[in-house]
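Q: Let me see the structure of the following:
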Amino acid sequence: QVQLVESGGGLVQAGGSLRLSCAASGSIVAINRMGWYRQAPGNQRELVAAIPSGGSTTYADSVKGRFTISRDNAKNTVYLQMNTLKPEDTAVYYCHAILLLRGVVGSRSYWGQGTQVTVSS
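A: Model (predicted):
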């Protein structure tokens, strides 16, 4: 069984900062990719940022220069540092990971439960 536990969401004023964390636990053999998605009311879920086990990071154009994704492989944890937040960043943020588990053939996609980020104007 796998768990992705997110923390760090909340309410912040425009221009402020928040840091999201997501820790993966379970019978994990390897983590291929970790990332953050978000979904605002009435909108589809969209990629915010992703970081593979090797290679370069990916960011949505709307967050480039403001958000930074990083990971701690020893802790199976991914972070999203969000600076200069805007009201349009308001959404539920979901952690996502592509994991290879012990006893399971092939890597699979897993989601966290989501954490609310609200940016007031």
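Q: drop to CA atoms for contacts and neighbour counts, all remaining ones
A: Fine.
Q: Please name the nearest non-neighbouring residue to the residue sitting nearest the centre point of the chain.
A: With distances taken as CA atoms, centre = their mean, residue 36 lies nearest the centre of the chain, 2.5 Å away. Closest residue to residue 36 apart from its sequence neighbours, by CA to CA, 6 or more residues apart in numbering: residue 95 at 4.7 Å.
Q: Secondary structure element for that neighbour, which one?
A: Per DSSP states H and E, residue 95 falls inside strand 91-101.
Q: List the neighbouring strands of that strand plus their orientation.
A: Its sheet considered, strand 91-101 pairs with strand 28-39 (antiparallel), strand 108-111 (antiparallel), strand 115-120 (antiparallel) by DSSP bridges.
Q: Let's have the ones you listed in TSV, adding mean pLDDT and distance to residue 79.
A: Output for the strands paired with strand 91-101, formatted as TSV (pLDDT from 0 to 100; distance: least, CA to CA, whole Å):
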stretch	mean pLDDT	distance to residue 79
strand 28-39	95	9
strand 108-111	96	15
strand 115-120	98	13
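Q: how much space between the residue nearest to the centre of the chain and residue 48?
A: Distance, residue 36 to residue 48, using CA to CA, to the nearest Å: 5 Å.
Q: Over to residue 104?
A: In terms of CA to CA, residue 104 sits 28 Å off from residue 48.
Q: With neighbour numbers in mind, choose between those two.
A: residue 48 (23 against 12; other CA atoms under 10 Å).
Q: My reading is that that one lies in a strand. Confirm?
A: Yes - counting by DSSP: H, G, I helix; E, B strand; the rest coil, one finds residue 48 located in a strand.
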